[in-house]
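Peer 1: how would this look folded up:
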Amino acid sequence: VERVREARLVLVHGCGMSPVADTVRFLNTYGIGVIWSPVSNLLLYQDTTNILPLLDAGLPVALGTDWTPSGSKTVWEEAKFAADFLEARNWKGNVNLTCFRSITSVPADLPAN
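Peer 2: Numbering: from 1, shown residues only. Purely as a prediction, here's the structure:
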């Protein structure tokens, strides 16, 4: 179990993940962050990571653009889309600050390996 923490894992997309309480607790316990690419997810799969429980739990969520055929051209465009996405779902957190951090401090703190 300690190897999970040592591995410094980051989930990319996490679309198949069911963020029930046990999953959120596991991610939080082992410091596992998520890189979310909502534009690409929605265009390719018509669905995206169930991000609200992850954000509510304070898990590190970074934004990524995925790839240019289906993702945003810039991380700024992805952040604007993510903000609209969160607002449309009436997320109670600070949308602008969360999206700003998701393209600045959160990715800077995620494992690089």
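Peer 1: so where do the strands sit in the chain?
Peer 2: Ranges of strands in the chain, per DSSP state E, are 10-12, 33-36, 61-63.
Peer 1: I'd like to know which of the ones you listed is closest to Trp76.
Peer 2: strand 61-63 (9.6 Å; Cβ to Cβ). Bear in mind the C-beta positions are built from the backbone N, C-alpha and C, glycine included.
Peer 1: packing partners for that closest one?
Peer 2: strand 33-36, helix 51-56, helix 75-88, helix 95-102, helix 105-109 (3 or more Cβ pairs under 8 Å, 6 or more residues apart in numbering; DSSP states H and E).
Peer 1: So, low pLDDT: which residues of the protein?
Peer 2: 1-2, 4-7, 19, 112-113 (pLDDT under 70).
Peer 1: try 90
Peer 2: For the chain, applying pLDDT under 90 flags the ranges 1-32, 44-45, 47, 49-50, 65-73, 109-113.
Peer 1: quick revisit: format the helices and strands packed on strand 61-63 as JSON lines; extra columns: distance to Phe26 and mean neighbour count.
Peer 2: Formatted as JSON lines, the helices and strands packed on strand 61-63 follow (distance: least, Cβ to Cβ, whole Å; neighbours: other Cβ atoms under 10 Å):
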{"stretch": "strand 33-36", "distance to Phe26": "12", "mean neighbour count": "24"}
{"stretch": "helix 51-56", "distance to Phe26": "12", "mean neighbour count": "18"}
{"stretch": "helix 75-88", "distance to Phe26": "23", "mean neighbour count": "17"}
{"stretch": "helix 95-102", "distance to Phe26": "21", "mean neighbour count": "17"}
{"stretch": "helix 105-109", "distance to Phe26": "19", "mean neighbour count": "14"}
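Peer 1: I'm done for today, thanks for sticking with me.
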